[in-house]
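Colleague: Give the three-dimensional model of this entry:
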Amino acid sequence: MIESNPNTILLCLMSNTFDISSLSRMRLNSSLDMGGFDCACPDLNDFIRNDALKYSNELMSATFVYFFEKIPVAFISYSNDKITANAEKWNSVSRHIPNKKRIKAGYPAVKIGRLGIAKDFHGQKIGSQILDFSKGWFLDENKTGCRFITLDAYNRKGTLAFYEKNGFKYLETPTPTKFTVLMYFDLAQLLA
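Modeller: Next up, the predicted model:
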């Protein structure tokens, strides 16, 4: 069991916004016990507890965990991706690329495979701050040679609104039959 100062945690939870600069960030490895992590989403809990390390070991994704005083507060998982010409909203994406640079094979992207915030830390704007950090991190020195960040958002009103609020746009139209909805963020807009 991870020990922490309950008074410090209580003070942080009472504030409206939790500053992620007070969190430590570590790549998931076998020494980290995520068994007690609970973000109130069974699919995300199952991923971080049972699958994230396997994906990492198979070179399929990289998962980073954010800690507050040794308590896991959030995690985010990245993998490589691309936006292809068969995407429903291809024209809305490619119109921002100069004609000479447009390619039908697709545009390089980084995918946010999963983002989970521990339920005790919901409403603290940690998810938005992690997304902002991710945008800056991939833009800084263009680490992976990508232009876009993509994700498959759960097709729930609150989830979609969260990603819209954080600047993500739809690559496909949400319909009631879709479990997830493909969305993207154009990193080039941060350079303008």
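
Colleague: Who are the contact partners of Val65?
Modeller: When contacts are counted by CB atoms under 8 Å, 6 or more residues apart in numbering, Val65 touches 25-28, 32, 34, 72, 74-75. Quick note: C-beta positions are derived from backbone N, CA and C, even for glycine.

Colleague: what helix or strand is it on?
Modeller: Taking DSSP states H and E as the definition, one finds Val65 inside strand 62-68.

Colleague: returning to that earlier point: which one among the contacts of Val65 gets closest to Trp137?
Modeller: Using CB to CB, Arg25 comes nearest to Trp137 of those, at 9.9 Å.

Colleague: Where does the closest one fall, secondary structure wise?
Modeller: According to DSSP H and E, Arg25 maps onto strand 24-27.

Colleague: Whichever helix or strand comes after the strand holding Val65 packs against which elements?
Modeller: For strand 62-68, the following helix or strand on the C-terminal side (DSSP H and E) is strand 71-83. If you count contacts as 3 or more CB pairs under 8 Å, 6 or more residues apart in numbering; DSSP states H and E, strand 71-83 packs onto helix 52-57, strand 62-68, strand 107-117, helix 126-139, strand 148-154.

Colleague: Among these, show me which one is buried the most.
Modeller: strand 107-117 (a mean of 22; mean count of other CB atoms under 10 Å).

Colleague: coming back round to it: dump the C-alpha coordinates for the strand holding Val65 into PDB.
Modeller: What follows is strand 62-68, C-alpha atoms only, in PDB (Å, rounded to 0.1, in the frame of the first residue of the first chain):
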ATOM      1  CA  ALA A  62       4.200   3.800 -24.200                       C
ATOM      2  CA  THR A  63       2.300   4.500 -21.000                       C
ATOM      3  CA  PHE A  64       3.200   7.200 -18.500                       C
ATOM      4  CA  VAL A  65       1.800   7.400 -15.000                       C
ATOM      5  CA  TYR A  66       1.500  10.700 -13.000                       C
ATOM      6  CA  PHE A  67       2.000  10.500  -9.300                       C
ATOM      7  CA  PHE A  68       1.200  12.700  -6.400                       C
END
